[in-house]
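>>> Here is the input, now give the coordinates:
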Amino acid sequence: MTAHPAAAALVRQARRITVKVGSSLLIDAGGLRTAWLAGLAQDVASLRAAGAQVVIVSSGAVSLGRARLGLSRSSRLEVKQAAAAAGQPLLMQSWAEAFAGQDVPVAQLLLTFSDTESRRRWLNARATLETLLAKGAVPIVNENDSVATEELRYGDNDRLSARVAQMLRSDVLLLLSDVDGLYSANPRQRRDARHIALVEELTPALLDAAGPAHGEGIGSGGMRTKLEAARIAGSFGCATVIASGQGDHPIRALIEGGARATVIAAQGSPASAYKQWIAASLAPAGRLLVDAGAAEALRTGRSLLAAGISGVQGEFGRGDCVTVSDPHEREIARGLIAYSADETRVIAGLRASDIAERLGYNRGDAVIHRNDMVLL
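I've put the predicted structure just below:
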């Protein structure tokens with residue numbers, strides 16, 4: 001009844017982990033599970049002490065808000081939004097109190113579908129998360145249910161957590177659930193259902209075996225949404241672990257090999273998958289010409305600075321993909337640019353220290369950061 005060795009190893013060795021916590025784990029018939037939450041905070045603090053960065057995608061606002069306002073489980077969108085508005089402060093207060101005992105600051109980030117699908121908003125959200133992690137905070141992410149529309153919303157945090165893992169190039173997406181992984185059939189209905197410890201490839205048959213997209217009870221997701229989340233994460237080089245979070249210290253139990261789980265493998269690494277996406281999937285919106293010094297710096301793995309830019313062609317916005325050409329007009333790289341075309345024309349040739357004086361602000365010293373660039 002132990003986990004596949006890959007599950008414990010993946011989590012133990014990961015440098016960046018996205019953890020999704022469902023409503024059914026945070027809340028039971030008696031209300032918020034404060035003792036359980038405190039134990040999870042201890043687990044996360046241990047991961048951080050071992051050198052990992054952790055971001056948490058947390059459900060629970062709607063359930064907490066319903067209880068606070070005395071609302072029924074209505075399917076009407078405005079009722080859910082009111083519950084989310086009332087419950088989100090309670091949810092964040094609970095996380096803050098849980099991590100206070102570990103002397104770890106937390107920060108709230110509410111995202112909508114558009115924030116993760118629009119490249120410019122995606123960059124803004126990523127920059128915020130990266131800054132929070134660099135400053136030692138644990139970001140607590142949730143869908144902004146109080147304003148999301150029915151047509152443009154994730155509806156469950158499994159898929160949102162996959163987008164967050166993708167955004168941060170996490171090594172592992174850990175989905176803590178009320179079940180201990182994937183089975184060949186619904187274990188609540190079939191006693192002969194077989195636990196699946198490792199999935200090398202998500203097939204249509206596995207998705208069908210997972211059942212409908214939504215489960216029962218407090219939470220809004222089901223096993224199928226978890227597999228769909230794993231497919232999103234896996235396409236970006238991030239492995240997924242589905243594990244039970246019901247017991248005390250669920251992450252510690254997983255790492256120590258005392259909890260069963262399902263590992264859904266990914267091909268390649270998050271960094272390589274991200275750069276393949278930039279190289280092959282994006283239509284460049286503009287072109288930058290750079291001098292010989294900048295071209296050589298790029299070839300040695302450096303970021304592109306404004307000082308090395310000699311020309312700007314095309315009209316593009318912040319976060320668009322642009323090509324980079326050397327003095328002989330040969331394309332040597334492409335990447336996601338941190339400045340718009342108009343801004344880039346203003347700062348071309350400037351030292352990084354002069355950008356803020358010329359623009360009145362600074363979006364970063366790198367016009368294209370090396371992490372957002374692929375050499376061709």
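
>>> I'd like to know how far residue 129 sits from residue 163.
12 Å (C-beta to C-beta, to the nearest Å). Yep, even glycine has a C-beta here, placed from its N, CA and C like the rest.

>>> Just checking: what are the partner strands of whichever helix or strand residue 240 is part of?
Residue 240 is located in strand 239-244, with elements delineated by DSSP states H and E. Take DSSP bridges as the rule and strand 239-244 pairs in its sheet with strand 172-177 (parallel), strand 261-264 (antiparallel).

>>> Is it possible to get CSV of these that adds mean neighbour count?
Conversion of the strands paired with strand 239-244 to CSV gives the following (neighbours: other C-beta atoms under 10 Å):
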stretch, mean neighbour count
strand 172-177, 28
strand 261-264, 28
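
>>> Turn the ones you listed into CSV, columns for distance to residue 228 and mean pLDDT.
Formatted as CSV, those follow (distance: least, C-beta to C-beta, whole Å; pLDDT from 0 to 100):
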stretch, distance to residue 228, mean pLDDT
strand 172-177, 11, 95
strand 261-264, 11, 92
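
>>> Which of these sits closest to residue 343?
Ranking the strands paired with strand 239-244 by proximity to residue 343 (C-beta to C-beta) places strand 172-177 first, at 34.3 Å.

>>> I'd like the average pLDDT over the very next helix or strand once past that closest one.
Sequence-wise, the next helix or strand downstream of strand 172-177 (DSSP H and E) is strand 182-183. Computed over strand 182-183, the mean pLDDT rounds to 87.

>>> List the neighbouring strands of strand 182-183 plus their orientation.
strand 195-196 (antiparallel).

>>> Need the residue closest to the centroid of the protein.
By C-alpha atoms, centre = their mean, the chain has its centre lying nearest to residue 164, at 1.4 Å.

>>> helix or strand for that one, which one?
Counting by DSSP H and E, residue 164 is part of helix 157-168.

>>> Can you pull out the residues in contact with that helix?
16, 18-20, 22, 55, 57-59, 111, 116, 122, 125-126, 129-130, 133, 141-143, 154, 170, 172-173, 175, 220-221, 225-226, 228-230, 232-233, 236, 238, 240 (C-beta atoms under 8 Å, 6 or more residues apart in numbering).

>>> Try it again at 6 Å.
Residues outside helix 157-168 that contact it (C-beta atoms under 6 Å, 6 or more residues apart in numbering): 18, 20, 57, 59, 116, 126, 129, 141, 143, 154, 173, 221, 225-226, 229, 232-233, 236, 238.

>>> Alpha carbons of it, as PDB, please.
This file holds the C-alpha atoms of helix 157-168, laid out as PDB (Å, rounded to 0.1, in the frame of the first residue of the first chain):
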ATOM      1  CA  ASN A 157      -9.000  24.500  -9.500                       C
ATOM      2  CA  ASP A 158      -7.500  21.300 -11.000                       C
ATOM      3  CA  ARG A 159      -7.100  22.900 -14.400                       C
ATOM      4  CA  LEU A 160      -6.200  26.300 -12.800                       C
ATOM      5  CA  SER A 161      -3.400  24.600 -10.900                       C
ATOM      6  CA  ALA A 162      -2.100  23.100 -14.100                       C
ATOM      7  CA  ARG A 163      -2.000  26.600 -15.700                       C
ATOM      8  CA  VAL A 164      -0.200  27.900 -12.600                       C
ATOM      9  CA  ALA A 165       2.300  25.100 -12.800                       C
ATOM     10  CA  GLN A 166       2.800  25.800 -16.400                       C
ATOM     11  CA  MET A 167       3.200  29.500 -15.800                       C
ATOM     12  CA  LEU A 168       5.900  28.900 -13.100                       C
END
